[in-house]
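Asker: A structural model of the following input is requested.
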Amino acid sequence: MNKFFKLAAAAGLALALTACGSSEGGSDAESKTINVGATTSPHVVILEEAKKIMEKDGYTLNITEFSDYPNINPSTSDGSLDANYFQHQPYLDSYNADSNLAEGDDGYLVSAGSIHYEPMGVYSQEVEEVNLDNLNEGAQIVVPNDATNEARALLLLQDLGIITLNDDATIDKATVADIKDNPKNVEIVEIAADQIPARLQDADVIVVNGNYALDADITDSLRAQEAADSDAAKLYANVIAVKESNKDNEAVQELVKVLKSDDIKAFIAENFGDTVQAAQ
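Answerer: Below is the predicted model of the structure:
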């Protein structure tokens, strides 16, 4: 996030909090107000639609948009935000652990509900169908270099028959070291997930999360993706995260209810297609 954006986001957040106050207590107006931090796409887009629905029932949803996410959880832990929407449960668990927060601590964050899932997708401009037969010897495949997403990418490539992993490779810890069979000797290139879409032009195949594909507008090159009923879909669903003490807040519960409604599910399907799917 550049310096100007950080200042603008901070100013917007401060203004929202000054005008509305915390939703953990106070007047009736405050109890029906919720301040939510979120990353741009698809999270803010979905929240803007939810805001319209909530207004009909007298709720005020203030949205603070972030271009990246390191500061969102700390701002939720300290009460600057009432909730956030950008992460899956494993990331949330890691934040609590890295922050030395345990159940019962003031800043401990929990999920108030699973909202949507961003499938790991395989994209290519070289081939229409990504499989072993269509790939050239030594084809270059770019995957995320962080532990969570690399494991998902490798397992997806295994599902497509391109590589075979060791039997003990799992969705939370598989690495390139677990590749035991690589019949086309594909070259696995590991880089940061947000940089992967830019490699679509020069790599044979890229494997990346749906949100990055959306931001880069490359969804027309989608060739395959994780199944909606897969273990990954269940484990990596994006959640509404709140302080543990705020989980039963009226406005939080209303937000989750609206985001899980049929109206929002239809909105997600219409606006994002296969790259974002409502949580099961």
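
Asker: Wait, residue 236 touches residue 117, no?
Answerer: Yes - judged on C-beta atoms under 8 Å, residue 236 makes contact with residue 117 at a distance of 6.5 Å. Just so you know, the C-beta spots here come from the backbone N, C-alpha and C atoms, and that holds for glycine as well.

Asker: shared neighbours, those two?
Answerer: Counting by C-beta atoms under 8 Å, 6 or more residues apart in numbering, residue 236 and residue 117 have no contacts in common.

Asker: Mind picking out the helix or strand in the chain with the poorest mean pLDDT?
Answerer: Lowest on mean pLDDT, DSSP states H and E among the helices and strands of the chain sits helix 3-20, with a mean of 40.

Asker: Okay, and the beta partners of the residue lying closest to residue 224 once chain neighbours are set aside?
Answerer: Closest residue in space to residue 224, ignoring its immediate chain neighbours: residue 122 at 4.4 Å, by C-beta to C-beta, 6 or more residues apart in numbering. Counting by DSSP bridges, residue 122 is bridged to residue 207, residue 224.

Asker: Correct me if wrong: residue 122 contacts residue 223.
Answerer: Yes - under the criterion of C-beta under 8 Å, residue 122 makes contact with residue 223 at 5.0 Å.

Asker: which of those two has more neighbours?
Answerer: residue 122 (25 against 18; other C-beta atoms under 10 Å).

Asker: State the pLDDT value of that one.
Answerer: Residue 122 carries a pLDDT score of 98 in this model.

Asker: which residues of the stretch 101-250 of the chain fall in strands?
Answerer: Secondary structure of the stretch 101-250 of the chain (DSSP state E, counting those that start in this stretch): strands located at 109-117, 120-123, 140-144, 164-165, 179-181, 187-191, 205-209, 222-225, 238-243.

Asker: Which one of the ones you listed lies nearest to residue 63?
Answerer: Among these, the nearest to residue 63 by C-beta to C-beta is strand 238-243 (12.7 Å).

Asker: What would that closest one look like as PDB? C-alpha coordinates only.
Answerer: In PDB, the C-alpha atoms belonging to strand 238-243 read as follows (Å, rounded to 0.1, in the frame of the first residue of the first chain):
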ATOM      1  CA  ASN A 238     -13.300 -16.500   3.600                       C
ATOM      2  CA  VAL A 239     -14.800 -15.500   6.900                       C
ATOM      3  CA  ILE A 240     -16.200 -12.500   8.800                       C
ATOM      4  CA  ALA A 241     -13.600 -12.100  11.600                       C
ATOM      5  CA  VAL A 242     -14.400 -10.300  14.900                       C
ATOM      6  CA  LYS A 243     -13.200 -10.000  18.400                       C
END
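
Asker: partner strands of it, parallel or antiparallel?
Answerer: When DSSP bridges is applied, strand 238-243 pairs with strand 83-88 (antiparallel), strand 109-117 (antiparallel).

Asker: tally of neighbours for the nearest residue to residue 104 once chain neighbours are set aside?
Answerer: Leaving aside its chain neighbours, residue 104 sits nearest to residue 244 (7.3 Å; criterion: C-beta to C-beta, 6+ apart). Neighbours of residue 244 under the rule other C-beta under 10 Å: 16.

Asker: Thanks a lot, catch you later.
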